[in-house]
Structures are given as C-alpha cells and as structure tokens.
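>>> structure of the sequence below:
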Amino acid sequence: MKIYFASVQFTTPYTPQRRFLALGYVHANALMDEVIAANAEMVHHYFDPSIRSAEQIAQSIADDAPDLVGFSCYVWNTPDILRVTKVLKQILPKVEIILGGPEVSYHHLHILAKNPEIDWVAVNEGEETFRELVRARLENAPERLPAIKGLGQRIAGKPASPESRPYLKDLDQLPSPYLTGVLDVCDLRMGVNYQTARGCPFVCTFCDYGRNQPYFEFSLERVRAEFEFFKAHGVRIMMNTDPTFNYSRKRAEAILGLGIELDIKAIHWFEVFPSLVNDDLVELLSRTYSSFVGCGIQSANPRAMKAIRRVWKPDVVAPILDKLVGRRNVLMSYEVIMGLPGDSIADYKNTLSWGYERNPVDLKTFNLAILPRTPLEQEIADGKWKMEYDSDVGHEVLSTDLMSRDDVYVGKGINDWHRILQNSFFRLHRVIPRPAADLIESWGWRVWTAGLHDRIRDLQVHRIDPELVEALGEQWRVYVKALCNEQGVPDVSEQFRDLLRYHFFRRARTWASTFFADVRDIYFNEPYPELHRFFDARGRALPQAAANAERAVPRFGGEVGLATFAYDMHELFPALTVEDFVAVKPRTTEYAFFMTPDTGAGCGILVDAPSKRFIELVDGKRTVAEIGALLAAELGIDAALAARIHTALTNFGVFDQPRFLVDFEEGKVSWQSCFPEHFRAYH
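Residues are numbered from 1 along each chain as shown. Coordinates of the predicted model:
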C-alpha cells in the first residue's frame, strides 16, 4: 500500500517548514505500528499552489500512483485542496482520499456531502484515527471502518458522524516527527515548525482552539530532545505553533532558557498573550539569540475586546511591549483583525494606527474569518450579531452590525495595501504626522481612482510586471509630494518613489513563500544595512577570473531584472525621518535583481556599464569569450573583463541553476549552493 501525504501550502512569506507539522505527526505515529511499517510505503511532498495549478499538483501526486492520499486543511488552503482532489480522482478513480484539519473536521458532514471525491474526514486529532484506518485497509477489514472513532465517512451512501475520539492527554505518547526522521529541518529554508502544547485555555470567540480542545503539554524532556535535534541539524528558524506560548510563564521561561543553554543560533518564533507579558519575560528575551514575538492584540477598542472575550488594557500593556521594540535580537510583531463585532471602520483604523505608533518590526492585518464551530459562528447563527460572511471561500466577513459592505470593502483595501507596503508606510507615517490608517486609506483611494486597485493580486506574487511597478511608483511620488506640501515638510517624494520601486523589483524576484528571515528588508520595518541584500559586480569589486571561465556558456537559472535608480539604495534604505531622507542626495545607480538558489529570496547586484551589458548579452548560447569580444567592440574595454564579471555573478548564484524552479516546486534540493558565505553571517 502506498500512502501519500500532500502539504498544499498557503502562500505566506512566514513559513519556515514546507511540509506540514500535522501530517508529520500522523506519518510518525502510523510508522510506530509494526503492521503499517512492514506493509505500507509512505511519502510526503510539498506543493505551492501559487506557482503550480491544481491540475499540475494532482498530476504530480498521481504520477506516484498512491493508494491513499492525506491532506491537512486550514482556512487558507482548503479551496486549493478541494480543487486538487477533484482532479486527482478524475486521474486516479480508485485512489482513496482523507482530509484532516480544523477547516474540515468540524464541518465533516458538509464536506462529505458536497465533495463525493473525498472518502473520509478525520474529526479532531487524527493520529490514531488515521492509524486505525490504514490497519483496516491493510487487513482488508472494511467492516471495522464504521466503528473507528473520529473517522467521518459515508455509511450506506450518506455522510455519517463518528463516535468522538478522546483527546490525548499524554502528548509524549505521540512520536516526534523530527526524532523519528519523518520530518527534518527544511533543506531549503533551514527552518522547523514545532509544538510544545495542544489546546488553549482562553475562549476568544473568533477562535476554535480554546472551546474545542483541552490544553495538554509535551514534557520539557521531549522539548529538549527536539531542540537538541534542531541545533545538530543547523536550524535557522524555529516556529512554535502553540496558540499561547506564555500561558504558563514559568514554562515559557524554561523553553526560552533551553534555547539559550543550548546556544541555538536561530530565530525563535512564538505567539504571546499581551497581558501575560511581564518584565521577567522581557529580560529573558534580551538574552536570546533572536526571538520573533507575535502578539495578537486583535483590537484596541474595549467594546470589541469584550465582544470577543479577549480583554486587555492597552495603557498597562503597551509600556511593557514597547520595551521589546528596537532591539536587534527581538522582532516584535502585532496582529489585528478587521471586522470584529463591536468595531466600526473608524475603530479598526484607530487600532491599526495604534499598532503603527508602537513601531513594531511587523504588523499583521487579517480580515475576520468566521471559523467553523467557533462561539462567534454560533452567536451569529443565534442572531446575537448581525453579520454576513462568505460561507464557502475563506469565511471572510462581508458586513457587520457596525460596518456596511462598503465599510468592509474599505477595511479590506486598507489591509491589502498595508500588507504589500507596510515598510513604506512605516517610514511615511514618521515623515507625515497623520494617523497611519488615514495615510493607507487615502493611498488606497488614489490607486482606486487611477484604476490600479484591481492589480493588488498581481502585487502579491513574485511575477510583477515592471510597467505596473513604474505606474505605481509614479502614483506614489505624486501622492507623497502632495502630502509633503500639505504638511509643510521638505519634498522627499523622489526618495519614496525609489524605495517603492526597490521594494517591488525585489518582490518580483522573490518567491512569496520564501524563508521570511531572508527578505526582512522588504516585508518588515527593519531598516538595518546588514539585512540589505545587495552585492557589487562593478569593476573595482570584481574578483579574479576563475580558471577556464572564458569557455563557460552562462545560463540564467531564473529571470534577471535590470533597473536604474536615482539614489544609492545603500544610502537610502536606512532613512527613517524626513531629515534622513533629505540628507540622501541623488546618485544614479543601476542594479540587476535575481533570485538566490538556496532560499528563493530576491537579491540585487550593483552593476556598471560592462556588467550590465554582460547580463544583457547572456543568451545561453554565447561563451564568456564571445560575450567579451562583443563588450570590447561595443564599449572599447578589455575583453578579458568578461571572465571576471562571469566569475562574480557565478559567486552570487546567478548562473547555472536550470533545475531551481522545478526543484523548488517539488521541495527537492539536490545541489550545493554557491551563495556567498559572507551573507550567512548576518543571520
């Protein structure tokens, strides 16, 4: 029996591990069964629907001829998965498909009724449910299926709910996906997802975790064993998936202390509850190698806090959280939700502006989704809140008691432009003394009037049209210029235009789901020069030519873009205040933008006339010597310079990566990266 686990990822720059942790637990637990281990082959692959169609993903799975395919479903990837399963069943009519995860678990009857290609749905925790299902299939015992706890299925052709499976209290009984070898540190991003607890003690009405799963913990001994594994395998980012990392302050301190004790040189990502952050935690974080602290404030409006049962006091909590801002080893991130009950559009804008005033590294904005089997879903059904939402795709709110459909549309537009340009808006709101949400909204209306608002989707992926970049750049320049005139501050619109262009040229060479730590200067509010990913291929910086470089036939591993800027980005990028921007004087510079082979992150290369022309002449047919002859004829330079240019660009990882796009999609990396070692030291 061949079992195939498919991690169909949702597009995000924040995912350090491409294969889902949940499927790793299911896989590892199944392998502990001797019958399954002896009679079933299991594989686990990753797919990114932003770069591969449902048909391509389904065909890739079908090419492995599996008997059983398992998917883990969340709000964001479920529509893609359902498209994939429809095509997969058409290609392989006999393949059996099981879904798990919160999105389908709670509404399993609905999923089974509407999607005949789905054979089973694992309800709640799926490790033991899946193991029993596979045993029954291996032992040809279909009569045992109806009695399997937690297995949603069709009985006599009709969807049926299973007997509930009790939640596992002793989590250490679950084998570790990492310690069993089922998952490894991600070979492309050098990251992991891991958990130390399941369930949540809080009862926020918009969330399903607290009401539907009791809180249990893995032992600290288990956590230590996984941490030791991560360190031994060179992890660079550890994303903790616990819903509230600091629910138990002492436990949180022990886990952070473990990372310090083991000297794990990685970014440690976790989510905290705002009112549980105290000075002890702040002091401990100051001693960690690097921590990404996600803080879900959701709303700073007391009325909305009460409505969602997530009450905290901004005047008490903010001064403590502010102590974490500006530290080089702490990445402070806030999370807010648009469309909560009790919030008007003005209330939401106030929360967003409040977040900007805190100057975090990152501010995540979400549109409220009415998740299955949450208290909020039930309250809406009971008529407590007058809310409309899309019940099929994403469950996003459409209108609320205090927000009309137009208000929600505006709120979503604010969120979209914030997500795309947050590092530009963080700078702009320091230059223009107006609330950040007002600046974002006024920009959104300008773009809407110019007919460019519908291009938002084109800006959320890495394939960005250069003409669109230039059109937005000009709109941005005019917008900033008008603001400067209104506020009586020096005109820095040209500088802001170049920053926006830089942002999009980099984004155009960056996979949307790349390892986030390598793209911090375009996603986050961190203007640190050491994060600025530029190399120099101009004459004075060129290395000695490699042996036989003249005979090489250079081929680009991906698309390389060329752009000219009015300012040197090394000087402009760290600017924050209007005085900083004014101090940066025009200096025309030219850059080539490309994608690195080891992370899929965008980088830039400073170029001069010879190196720029060299890049333009690369066609996959000419040798370096032939390109050198053309350079000599056109520019009157020494033809041997071409070999040095080729050597420099090869060192930066621009050439000879023809497998990169295919291997990245499949999640397979089979070469040694030539990416410059000096950049790795920055992380």
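>>> what about the protein, any weak spots by pLDDT?
Residues of the chain meeting the criterion pLDDT under 70: 11-14, 188, 210-212, 392-394, 461-462, 511-519, 596-600, 656-683.
>>> mark out where each domain of it begins and ends.
Following automatic domain parsing, the chain resolves into domains at 2-160, 184-403, 509-680.
>>> quote the end-to-end distance of the first one.
Looking back up the chat, that one is domain 2-160. Distance between the boundary residues of domain 2-160 (CA to CA, to the nearest Å) amounts to 26 Å.
>>> the chain should start at 21 in everything you say after this.
Okay, using 21 as the starting number, the last item reads as domain 22-180.
>>> turn the domains of the chain into a markdown table, including distance to residue 515 and mean neighbour count.
C-beta: built from backbone N, CA, C; applies to glycine. A markdown table is the format used below for those (distance: least, CB to CB, whole Å; neighbours: other CB atoms under 10 Å):
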| stretch | distance to residue 515 | mean neighbour count |
| --- | --- | --- |
| domain 22-180 | 25 | 19 |
| domain 204-423 | 20 | 19 |
| domain 529-700 | 5 | 18 |
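>>> figure out which of the ones you listed is closest to residue 460.
Smallest distance to residue 460 across these (CB to CB): 7.6 Å, for domain 204-423.
>>> so which of the domains of the chain is nearest residue 194?
Smallest distance to residue 194 across these (CB to CB): 5.9 Å, for domain 22-180.
>>> just to revisit the earlier point, please convert the domains of the chain to CSV, extending it with distance to residue 457.
Listed next are the domains of the chain as CSV, based on distance: least, CB to CB, whole Å:
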stretch, distance to residue 457
domain 22-180, 23
domain 204-423, 4
domain 529-700, 16
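>>> would you state the helices of the stretch 271-420 of the chain in chain order?
Under the criterion DSSP state H, counting those that start in this stretch, the stretch 271-420 of the chain carries helices at the ranges 299-305, 322-328, 334-342, 365-377, 395-401.
>>> show me the contact partners of the second one.
Judged by CB atoms under 8 Å, 6 or more residues apart in numbering, the contacts made with helix 322-328 from elsewhere in the structure are 224-226, 318-319, 331-332, 360-363, 367, 396, 405.
>>> now do the helices in the stretch 71-220 of the chain.
Using DSSP H, counting those that start in this stretch, helices in the stretch 71-220 of the chain cover 74-83, 98-111, 122-125, 128-134, 147-158.
>>> with distance to residue 439 added, can I get those in JSON lines?
Converted to JSON lines, those look like this (distance: least, CB to CB, whole Å):
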{"stretch": "helix 74-83", "distance to residue 439": "25"}
{"stretch": "helix 98-111", "distance to residue 439": "19"}
{"stretch": "helix 122-125", "distance to residue 439": "22"}
{"stretch": "helix 128-134", "distance to residue 439": "29"}
{"stretch": "helix 147-158", "distance to residue 439": "34"}
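>>> and these: which comes nearest residue 637?
So among these, helix 74-83 is nearest, using CB to CB, at 33.3 Å.
>>> out of the helices of the stretch 271-420 of the chain, which is closest to residue 625?
helix 365-377 (33.0 Å).
>>> got the angle for that closest one vs helix 334-342?
30 degrees (axes from the mean of the first three to the mean of the last three CA atoms, to 10 degrees).
>>> mind checking how far helix 365-377 is from the chain centre?
23 Å (CA atoms, centre = their mean, to the nearest Å).
>>> what does it contact?
By CB under 8 Å, 6+ apart, helix 365-377 touches 317, 319-321, 323-324, 334, 354, 356, 358-360, 363, 383, 385, 422-423, 427-428, 430-431, 434, 438, 445-446, 449, 455-458, 460-461.
>>> what sits against the residue nearest to residue 59 when sequence neighbours are not counted?
Among residues not flanking residue 59 along the chain, residue 158 sits closest, at 5.3 Å (CB to CB, 6 or more residues apart in numbering). By CB under 8 Å, 6+ apart, residue 158 lies in contact with 21, 55, 56, 59, 60.
>>> for residue 675, which residues are in contact?
For residue 675, the contact set (CB under 8 Å, 6+ apart) comprises 574, 575, 576, 577, 638, 666, 669.
>>> against residue 639, how distant is it?
12 Å (CB to CB, to the nearest Å).
>>> any residues touching stretch 498-516, and which ones?
444, 447-448, 451-454, 459, 462-463, 466, 496-497, 517, 586-587, 592, 595, 598, 601-602, 604, 606.
>>> longest helix in the protein, by residue count?
helix 425-451 (DSSP state H).
>>> run the angle between it and helix 365-377 for me.
30 degrees.
>>> quick one: buried residues of helix 425-451?
427-428, 430-451 (16 or more other CB atoms under 10 Å).
>>> now the next helix or strand after that helix: how far from the chain's centre is it?
Next along the chain after helix 425-451, taking DSSP states H and E as the criterion, comes helix 456-469. Helix 456-469 sits 25 Å away from the centroid of its parent chain (CA atoms, centre = their mean).
>>> what's helix 456-469 in contact with?
Against helix 456-469 from outside (CB under 8 Å, 6+ apart): 368-370, 372-373, 375-377, 430, 433-434, 436-438, 445-446, 448-449, 452, 473, 492, 495-496, 499, 503.
>>> follow-up on the earlier one: tell me the one of the contacts of residue 158 nearest residue 339?
Minimum distance to residue 339 across these is 54.1 Å, recorded for residue 56 (CB to CB).
>>> my read is the closest one is in a helix, agree?
Yes. Using DSSP: H, G, I helix; E, B strand; the rest coil, the secondary structure at residue 56 is a helix.
>>> contact partners for it?
So residue 56 contacts 50, 151, 154, 155, 158 (CB under 8 Å, 6+ apart).
>>> including distance to residue 348, could those residues go into a markdown table?
Output for the contacts of residue 56, formatted as a markdown table (distance: CB to CB, whole Å):
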| residue | distance to residue 348 |
| --- | --- |
| 50 | 43 |
| 151 | 46 |
| 154 | 48 |
| 155 | 52 |
| 158 | 53 |
